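Visitor: Pasting a predicted model and its sequence here:
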Amino acid sequence: MPGGRLTQQERQQIALGLADGLPYAEIARRLDRPTSTITREVMRNGGPTAYRADLAHLATERRAHRRRQAAPRSGQRTPEPHGRDAEAVRAYEETLTTVFMASGMPKMMSRVLVCLYTTDEGSLTAAELVQRLQVSPASISKAITFLESQGLVRRERDERRRERYVVGDDVWYQSMIASARSLTQVVEVSRQGIGVLGPGTPAAKRLENVARFLDFVQESTIRAAEQAREVLHTRSEAARDDTPARP
């Protein structure tokens, strides 16, 4: 029944669906569940190629047990600002984490990025991330190092000299530029291979095509990102509607 926790039988149906090559949406339709529920279930339990119903069910039971044990120590989560529904926020954070994971980002890095994105300030300290995610400082440090290398997070010092991890409005612009520029070395090395393998040979032609393709993608990506950057600094219609009219 939709809305409740997945049963072991449903997990077995998910495993069978994955084995048959069914898309998440079709598996969700057969189980009368939201597609996001199936996507989240699979991605948090090994992905489509490694998902096992018995292990997934056991992992879920263990997570629930750990949450019950941690509740008295950690207390309740800080109430959500602006009257937000805390359960809806948690469910959305889980869904967004799953989406980031499906794009290839590791789980802990995805969780940290979602935490930063869903705070109004757009920044948190290491201690705040540890408290929110209930993980070790080492896990946070590793995740931040990865996200920073991808241009998705930057470090700043606040007025108390504490290091804060920040996601700015242009974080995706910076990440796209960094990703596009990372192709430069691939293009250069591919073209070096042409001389080694002999111009005009099938292998050299293949490398030349790869270099030309990546060169075009790199230039197009940077050009598109530059043109679209102003969107990140343009107020949406919703924001305008929320602005009180001047007397």
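Guide: Arrived safely. Numbers count the residues shown, from 1 in each chain.
Visitor: ok, now which ones touch Ala126?
Guide: Shown in contact with Ala126 (Cβ atoms under 8 Å, 6 or more residues apart in numbering): 137, 140-141, 144, 163, 165. In this view, the C-beta of every residue, glycine as well, is placed from N, C-alpha and C.
Visitor: Measure how far the helix ranked longest in the chain is from the centre of its chain, please.
Guide: If you go by DSSP state H, the chain has its longest helix at helix 202-228. Its chain's C-alpha centre and that of helix 202-228 lie 25 Å apart, by Cα atoms, centre = their mean, to the nearest Å.
Visitor: Now do that helix, average pLDDT.
Guide: Throughout helix 202-228, pLDDT has a mean value of 92.
Visitor: how is the chain carved up into domains?
Guide: Domain assignment for the chain by automatic domain parsing gives 8-74, 81-166, 171-233.
Visitor: remind me which residues of the chain are low pLDDT?
Guide: Within the chain, the ranges that satisfy pLDDT under 70 run 1-3, 63-79, 81, 233-247.
Visitor: Excluding sequence neighbours, find me the nearest residue to the most centrally placed residue in it.
Guide: Residue closest to the mean C-alpha point of the chain, counted by Cα atoms, centre = their mean, is Phe100 at 2.3 Å. The shortest distance from Phe100 to any non-neighbouring residue, by Cβ to Cβ, 6 or more residues apart in numbering, is to Ser110 (3.8 Å).
Visitor: where along this structure do the strands fall?
Guide: For the chain, the strands defined by DSSP state E cover 123-125, 154-157, 163-166.
Visitor: who does the first one pair up with?
Guide: Read that as strand 123-125. strand 163-166 (antiparallel) (DSSP bridges).
Visitor: Now Glu93: closest residue in space, sequence neighbours ignored.
Guide: Nearest to Glu93 is Val114, by Cβ to Cβ, 6+ apart, at 5.2 Å.
Visitor: ok, now which ones touch the one you found?
Guide: Val114 neighbours (Cβ under 8 Å, 6+ apart): 93, 96-97, 100.
Visitor: if we can go back for a sec, right, so of the strands of the chain, which gets closest to Ala50?
Guide: strand 163-166 (30.4 Å; Cβ to Cβ).
Visitor: starting at the chain centroid, how far to the closest one?
Guide: 18 Å.
Visitor: Touching that strand from outside, list them.
Guide: The contact list for strand 163-166, computed with Cβ under 8 Å, 6+ apart, reads 112, 116, 122-126, 129, 144, 147, 153-158.
Visitor: most surrounded residue in those?
Guide: Ranked by the number of neighbours (other Cβ atoms under 10 Å), those place Val112 first, at 30 neighbours.
Visitor: ok, the closest residue to that one other than its chain neighbours - contacts?
Guide: Closest residue to Val112 apart from its sequence neighbours, by Cβ to Cβ, 6+ apart: Ala143 at 4.3 Å. The contact partners of Ala143, by Cβ under 8 Å, 6+ apart, come to 106, 108-109, 111-112.
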